[in-house]
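here is a sequence with its predicted model. Questions after.
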Amino acid sequence: MSSFVDLLNSPRETRPNIKFEQPGEQADSQHVLARVAFEKNGFAPELHKGVPTVGVPMTTETEPGFHEVFAASGPVVAGREGGLVYAVDGRHLFCSIQVTERDVYRDAARIAYDSAFELATRLGYPNILRMWNLVGGIIDDNADGVEIYRDFCAGRSEAFALWSGRILHIPAATGIGTRGNGVYLYFISGRADAEVHHLENPRQTPAYHYPESYGPKAPSFARATFADGILYISGTASIIGDETVHKGNISGQVDVTLENITTLISTENLGKVRAEGGYTLRDLDLIKVYVSRPEDIPFVRSRCEEVFSPDARVVYLNVDICRPDLLVEIEAIVQ
Ligand SMILES: O=C(O)C1=C[C@@H](O)[C@H](O)C=C1
Ligand SMILES: CC(=O)C(=O)O
């Protein structure tokens, strides 16, 4: 398989937009829009050698970590505005902001999203394609006794409501725990005229329609986003309708998670927006498998190796999932 540098030097029309690389294997910065370092400690978004870079505390002391690298499609302009770090390349915006640990997150989450949406619209990239929300203590209670995920979702929902009609659509996303604290947000967005499709899964209730039993404001994400020929698959778990199924049963949860993704990317579902039809699990790449119990990782890995392509880049991360009864969650990209 090509090395990361080979991939970067390939002709633009064949260059994948996102890739995983090992720390230290850093290709030249001129083709890089942004970099997310999955590591033990994490660090606030910064401009490192002019490249927006954020460290997210997602790996254990014994794991090597990796970088998620967003390739640029043209000349890059990067900058910082307050806590926001960003870069644009004429086609995509990358933006990241951190919400430091606090007693209650709702207002800070709304303010962080509000400032990011203001930047995205002002720079001309209001079409959010894919968001990642890495939430420390995601299933712990905040100072008011409210689960932090629910607290975070309330602030996020308020920001989307404030920007409805200007920020175009609710995108594919991940909302997952970390091994640290505070909230790390990063996302990519496109131009207003970009052709972007947001997909739901007929097996699942749209998350933004979840009942209040899951929190005062429903989570703001779509099941997938298809844009520029790339399919961004949200974190997907063992949820049918809006209910967790196979509680306590890792095997059952892996099966339902894979079935959910299979349905989501099928020709019957994706064919609505993709002339060439759908995909199968063998087409997935840049797969992040989140596992809440470390002892389940060997089993989950064995099941994933059965169904994913041997060429797929897959990482396994031991972090909490956004519901205490969820044991596994999978996100991926097809590009
Ligand atoms: O809240 C989210 O954005 C989110 C939570 C999980 O359901 C999954 O990671 C997908 C998105
Ligand atoms: C994965 C998850 O929590 C959801 O789909 O809502």
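Received it, and whenever you're ready, just let me know what you need. Numbers count the residues shown, from 1 in each chain. Ligands and ions are numbered 1, 2, ... in the order given.

drop to CA atoms for contacts and neighbour counts, all remaining ones
OK.

for the stretch 201-335 of the chain, just list every one of the helices.
Using DSSP state H, counting those that start in this stretch, the helices assigned to the stretch 201-335 of the chain run over residues 250-264, 267-270, 297-307.

export those to a markdown table and append columns for distance to ligand 1.
A markdown table is the format used below for these (distance: least, Cα to the nearest ligand atom, whole Å):
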| stretch | distance to ligand 1 |
| --- | --- |
| helix 250-264 | 11 |
| helix 267-270 | 18 |
| helix 297-307 | 17 |
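
need those helices in CSV with mean neighbour count, mean pLDDT and distance to ligand 2, can you?
Shown next, in CSV, are the helices of the stretch 201-335 of the chain (neighbours: other Cα atoms under 10 Å; pLDDT from 0 to 100; distance: least, Cα to the nearest ligand atom, whole Å):
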stretch, mean neighbour count, mean pLDDT, distance to ligand 2
helix 250-264, 20, 99, 9
helix 267-270, 18, 98, 17
helix 297-307, 14, 98, 16
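
JSON lines for the ones you listed, including distance to Ala173?
Formatted as JSON lines, these follow (distance: least, Cα to Cα, whole Å):
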{"stretch": "helix 250-264", "distance to Ala173": "14"}
{"stretch": "helix 267-270", "distance to Ala173": "17"}
{"stretch": "helix 297-307", "distance to Ala173": "21"}
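
quick check: the gap between the nearest residue to Gly278 once chain neighbours are set aside and Leu123.
Counting by Cα to Cα, 6 or more residues apart in numbering, Gly278 lies nearest to Thr267, which is 3.7 Å off, once chain neighbours are set aside. From Thr267 across to Leu123, the span is 35 Å (Cα to Cα, to the nearest Å).

equivalent analysis for Ala154, please.
Ala154 is 26 Å from Leu123, by Cα to Cα.

more neighbours: those two, which one.
For Ala154 versus Leu123, neighbours defined as other Cα atoms under 10 Å are more numerous around Ala154 (22 against 13).

which residue, neighbours along the chain excluded, lies closest to that one?
In space, and not counting its chain neighbours, Ala154 is closest to Lys217: 4.8 Å by Cα to Cα, 6+ apart.

got it, and Pro211?
Pro211 sits nearest to Ala218 (Cα to Cα, 6+ apart), 7.1 Å away.

wait, the one you found touches Tyr210, no?
Yes. Counting by Cα atoms under 8 Å, Ala218 touches Tyr210, with 5.5 Å between them.

residues contacting the residue nearest to Gly278?
Residues in contact with Thr267, defined by Cα atoms under 8 Å, 6 or more residues apart in numbering, are Gly277, Gly278, Tyr279.

let's see it at 10 Å
Residues in contact with Thr267 (Cα atoms under 10 Å, 6 or more residues apart in numbering) are Val273, Arg274, Ala275, Glu276, Gly277, Gly278, Tyr279, Thr280.

residues near the last one, how many?
Counted by other Cα under 10 Å, the residues lying close to Thr280 total 16.

can you list the residues of the stretch 151-300 of the chain near ligand 1?
Residues of the stretch 151-300 of the chain that fall close to ligand 1, judged by Cα under 6 Å from any ligand atom: Ala173, Thr174, Gly175, Ile176, Pro219, Phe221, Ser234, Gly235, Thr236.
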